[in-house]
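**Q** quick one: sequence plus predicted model below, questions after.
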Amino acid sequence: MVKWLDDAVFYEIYPQSFKDTNGDGIGDFRGILEKLDYIEGLGCNAVWMNPCFESPFGDAGYDISDYYKAAPRYGTNDELKQLIDAAHDRGMHILLDLVPGHTSTEHEWFRASMRAEKNEYTDRYVWTDSIWEEPEGQGSLRGISDRDGSCLVSFFSHQPALNYGYYRPEKPWQQAMDAPGPRATVEELKRIMRFWLGIGCDGFRVDMAHSLVKGDEDGKGTVRLWQKIREFLEEEFPEAVMVSEWGEPDKSLAGGFHMDFLLHFGPSHYNDLFRCDEPYFSGRGKGDVSKFVRIYQENHKKTAGKGLICIPSGNHDMDRLARTVCKDELKVAFAFLLSMPGAPFIYYGDEIGMRYVEGLTSVEGGYNRTGSRSPMQWDASVNAGFSLAGEEKLYIPLDPAPDRPTVKGQMEDPASLYHEVKELIAFRKEHPALRSRGGIEFIYAEKNAYPFAYVRSAEDEKILVILNPSGQPASFACEYSLAEPLRSFGGKITQRDGSVTVPGGFYGFYRV
């Protein structure tokens, strides 16, 4: 296991919205480099950067046209290397976003695959044998080339699916995983990873990691594929970290990933916490944490200590945390996010409570996600310090609210969310029990009830975490006799006859 993950706290950067230094309204590598000190000062020692490779940007960079070239709007390969080196100089690590499942229709591989004559890239994508047949139950591109056949797409119609084979081929055009075409795709994936790891990145967050093998039986083929990738990495880059967008840790970790995200889709009940009609971390106190805990325990058991489960504050695909969890509720939410096992991931701006910007027209395939991708709000200067471009040139419009939070404003306010998050990160790093690999035992997580309590443990340290995001006091049976908290917010608990009563809007950490 890679040692630096033990106390890693990640900061997710959406590069086009982070910091613009050349006045074109789009963030760039130089802007990220300028703000590394800010990220380090917050306490984050690792960065996940969303796709930064050449792309027509029909899906914000998740439609790659050249895996070996940085997108010119962000900078050059040399500038990306300078950014990585500068992060390393600060003891920080950078994961790049790897998109292995599809490319853009503008990629030279796809253009070659559309030719009628057979060539090196004929089988790089999934094509049927006839234009009149499309992959059953899946979207396809049809009638766009001289080649006869329909090409499977991963999601948007401009994202043709790369060919990793079918788990059980049933039709003549469905190739087996060990056929020459799928094997060549896997070897190309290794070359891409080898290239960027050679330049200095510390690993990858892998987009749609579960989706590579088609017609897969319970993920078995895709798990096997990633196990082969892990063997390659162990031989050539043993310190390379792999984080999956999968949402099923028992499969992704078996495949050789170090960590898996809990996602806003799938079976995790992650949405029950922050993004539903009645989130658990709302002061209304109408949420339910029990289903989340049940699934988390099942997944945690299945991982058998092989890897980590990450619970992010959010990401570029989710509504902003502050859309449904507000003000001091956010402080209690971050107490949870920064005290669970697995490396925390903080989406840029969540540490200051940036809001979802309502009513925006879709930008580069964002659609309803666009409101979560607005420019970072650094200060009260022009364009919130994001860019000196004219307002009409900004990648996405800013939050127009006059009271929009800014980094500068929150740094100047000792009671701000920014300071709470910074102090919680430092507190996590001070206590082995709270770090990535510490154990967890849930003490109180009842259906439709508050508070929420669990014990984190590592080495000789055990810490009880009590969270009551509800606006009302709540009680639970507790076997521990609790002294003064190591850290708390929102008042004091009372303890009597084996029961602990917790004030509303509270969190507390207690040594037990």
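**A** Happy to help now that I have it.
**Q** and H269, how far from N22?
**A** Plainly put, H269 is 43 Å away from N22 if you go by Cβ to Cβ, to the nearest Å. From N, CA and C alone the C-beta is placed, and that goes for glycine too.
**Q** quick one, which of the two is more surrounded?
**A** H269 (19 against 15; other Cβ atoms under 10 Å).
**Q** which SS class is that one?
**A** Following DSSP: H, G, I helix; E, B strand; the rest coil, H269 is assigned to coil.
**Q** wait, it sits on I295?
**A** Yes - at 5.4 Å, H269 counts as touching I295 under the criterion of Cβ atoms under 8 Å.
**Q** low-confidence ranges in the stretch 351-500 of the chain?
**A** Along the stretch 351-500 of the chain, segments meeting pLDDT under 70 are nowhere present.
**Q** can you pull out the strands in it?
**A** Counting by DSSP state E, counting those that start in this stretch, residue ranges of the strands within the stretch 351-500 of the chain are 439-444, 452-458, 461-468, 474-477, 487-489, 494-496, 499-502.
**Q** can you put those in JSON lines and add mean neighbour count?
**A** Compiled in JSON lines, those are given as follows (neighbours: other Cβ atoms under 10 Å):
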{"stretch": "strand 439-444", "mean neighbour count": "16"}
{"stretch": "strand 452-458", "mean neighbour count": "21"}
{"stretch": "strand 461-468", "mean neighbour count": "22"}
{"stretch": "strand 474-477", "mean neighbour count": "17"}
{"stretch": "strand 487-489", "mean neighbour count": "18"}
{"stretch": "strand 494-496", "mean neighbour count": "11"}
{"stretch": "strand 499-502", "mean neighbour count": "20"}
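**Q** adding distance to A426, write those strands out as CSV.
**A** What follows is these, written out as CSV (distance: least, Cβ to Cβ, whole Å):
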stretch, distance to A426
strand 439-444, 21
strand 452-458, 16
strand 461-468, 15
strand 474-477, 28
strand 487-489, 10
strand 494-496, 28
strand 499-502, 24
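**Q** residues in contact with E329?
**A** 281-283, 469, 505 (Cβ atoms under 8 Å, 6 or more residues apart in numbering).
**Q** ok, K286 next?
**A** K286 neighbours (Cβ under 8 Å, 6+ apart): 278, 448.
**Q** same check on G41?
**A** Contact analysis of G41 by Cβ under 8 Å, 6+ apart lists K422.
**Q** buried ones in the helix or strand where it lies, by neighbour count?
**A** Using DSSP states H and E, G41 sits in helix 36-42. Neighbour-count burial for helix 36-42, counted by 16 or more other Cβ atoms under 10 Å, picks out 36, 39-40, 42.
**Q** can I get the longest helix along the chain in PDB, CA atoms only?
**A** Longest helix in the chain by number of residues (criterion: DSSP state H): helix 180-199. Below are the C-alpha coordinates for helix 180-199, written out as PDB (Å, rounded to 0.1, in the frame of the first residue of the first chain):
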ATOM      1  CA  PRO A 180      -6.100  -8.500 -30.800                       C
ATOM      2  CA  GLY A 181      -8.200  -5.300 -30.800                       C
ATOM      3  CA  PRO A 182      -9.000  -5.300 -27.000                       C
ATOM      4  CA  ARG A 183      -5.400  -6.300 -26.200                       C
ATOM      5  CA  ALA A 184      -4.100  -3.400 -28.300                       C
ATOM      6  CA  THR A 185      -6.400  -1.000 -26.400                       C
ATOM      7  CA  VAL A 186      -5.000  -2.200 -23.000                       C
ATOM      8  CA  GLU A 187      -1.400  -1.800 -24.200                       C
ATOM      9  CA  GLU A 188      -2.200   1.800 -25.400                       C
ATOM     10  CA  LEU A 189      -3.700   2.500 -21.900                       C
ATOM     11  CA  LYS A 190      -0.500   1.300 -20.300                       C
ATOM     12  CA  ARG A 191       1.500   3.600 -22.700                       C
ATOM     13  CA  ILE A 192      -0.600   6.600 -21.700                       C
ATOM     14  CA  MET A 193      -0.100   5.900 -18.000                       C
ATOM     15  CA  ARG A 194       3.600   5.300 -18.500                       C
ATOM     16  CA  PHE A 195       4.000   8.600 -20.300                       C
ATOM     17  CA  TRP A 196       2.400  10.800 -17.500                       C
ATOM     18  CA  LEU A 197       3.900   8.800 -14.600                       C
ATOM     19  CA  GLY A 198       7.200   9.300 -16.300                       C
ATOM     20  CA  ILE A 199       6.600  13.000 -16.400                       C
END
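**Q** tell me the first helix or strand C-terminal of that helix.
**A** Remark: after helix 180-199, the chain's next helix or strand is strand 203-206, criterion DSSP H and E.
**Q** quick check: mean pLDDT across that next one?
**A** Mean pLDDT, strand 203-206: 98.
**Q** hmm, who's touching it?
**A** Outside strand 203-206, the residues that reach it (Cβ under 8 Å, 6+ apart) are 48, 93, 95-98, 100, 193, 196-197, 240-245, 257-258.
**Q** try stretch 79-88
**A** Against stretch 79-88 from outside (Cβ under 8 Å, 6+ apart): 29-30, 32-33, 36, 47, 52, 70, 74, 93-94, 199-201.
**Q** just checking, which of those residues belong to helices?
**A** 29-30, 32-33, 36, 199.
**Q** centre-most residue in the chain?
**A** The centroid of the chain falls nearest to N315 when counting by Cα atoms, centre = their mean (5.4 Å).
**Q** show me what contacts that one?
**A** 12, 261, 345, 347.
**Q** which residues does the first one contact?
**A** Just to be clear, that refers to E12. 47-50, 312, 315-316, 345-348.
**Q** now render the residues you listed as JSON lines, adding distance to R456.
**A** Below are these laid out as JSON lines (distance: Cβ to Cβ, whole Å):
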{"residue": "V47", "distance to R456": "25"}
{"residue": "W48", "distance to R456": "24"}
{"residue": "M49", "distance to R456": "29"}
{"residue": "N50", "distance to R456": "30"}
{"residue": "P312", "distance to R456": "19"}
{"residue": "N315", "distance to R456": "24"}
{"residue": "H316", "distance to R456": "29"}
{"residue": "F345", "distance to R456": "18"}
{"residue": "I346", "distance to R456": "19"}
{"residue": "Y347", "distance to R456": "23"}
{"residue": "Y348", "distance to R456": "27"}
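**Q** tell me the most packed of those, by neighbour count.
**A** Y348 (27 neighbours).
**Q** give the contact list for that one.
**A** Per Cβ under 8 Å, 6+ apart, neighbours of Y348: 11-14, 17-18, 354, 376.
**Q** ramachandran angles for it?
**A** Backbone torsions for Y348, taken as degrees, to the nearest 10, come to phi -50, psi 130.
**Q** any idea how far it is from K35?
**A** 9 Å.
**Q** and R355, by the same measure?
**A** Distance, R355 to K35, using Cβ to Cβ: 20 Å.
**Q** tell me where the stretch 51-200 of the chain has strands.
**A** 53-54, 66-70, 93-98, 140-141, 151-152.
**Q** and those as TSV, adding mean neighbour count, mean pLDDT and distance to E217?
**A** Output for those, formatted as TSV (neighbours: other Cβ atoms under 10 Å; pLDDT from 0 to 100; distance: least, Cβ to Cβ, whole Å):
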stretch	mean neighbour count	mean pLDDT	distance to E217
strand 53-54	22	98	32
strand 66-70	17	98	29
strand 93-98	23	98	24
strand 140-141	20	96	22
strand 151-152	22	97	18
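**Q** so which of these gets nearest K462?
**A** With Cβ to Cβ, the closest approach to K462 among the strands of the stretch 51-200 of the chain belongs to strand 93-98: 29.1 Å.
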